[in-house]
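Undergrad: got a predicted structure here, sequence first:
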Amino acid sequence: MGMIEAFETEATLIDSIKAEKAEGLEEERMTVIANAGLHKTISEFENINNKAAELGPLAKLLSLFSTTSREE
């Protein structure tokens, strides 16, 4: 399992995604969970798994384990 990080702004999230990609992490291995739609992130990084909804803390945690293509 990978890292879990929290970001205050979408711009900070995008900077982190760019840094992870520069280190060789593929978009397909990333998942973004947000309380609101991240239109700029989705348009710039089309292969990132995106889960945006008004979810409670437990639903957000459970969604991390619901990916279907994770390599263990």
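TA: Yes, it's here.
Undergrad: what does stretch 38-50 rub up against?
TA: By CB atoms under 8 Å, 6 or more residues apart in numbering, the residues outside stretch 38-50 that reach it are 10, 13-14, 17, 26-28, 30-32, 34, 52, 67. No exception for glycine: its C-beta is placed from N, CA and C like everyone else's.
Undergrad: and what of stretch 10-21?
TA: 5, 7, 27, 30, 32, 38, 40, 41, 44, 45, 48.
Undergrad: recalculate using a threshold of 6 Å.
TA: 7, 38, 40, 41, 45 (CB atoms under 6 Å, 6 or more residues apart in numbering).
Undergrad: filter those down to the buried ones, PyMOL style.
TA: For the buried members of the contacts of stretch 10-21, the matching PyMOL selection, counting by 16 or more other CB atoms under 10 Å, is:
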select buried, resi 38+41+45
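Undergrad: and which of the contacts of stretch 10-21 is nearest residue 22?
TA: residue 45 (13.1 Å; CB to CB).
Undergrad: that closest one and residue 39: what is the separation?
TA: 12 Å (CB to CB, to the nearest Å).
Undergrad: what does residue 22 give?
TA: 23 Å.
Undergrad: just residue 15 next, same as before
TA: Distance from residue 15 to residue 39, by CB to CB: 17 Å.
Undergrad: can you check residue 18 too?
TA: Distance from residue 18 to residue 39, by CB to CB: 17 Å.
Undergrad: which per-residue confidence value corresponds to residue 2?
TA: Reading off the confidence values, residue 2 has pLDDT 72.
Undergrad: got it, and residue 64?
TA: pLDDT, residue 64: 63.
Undergrad: for residue 45, same thing?
TA: 88.
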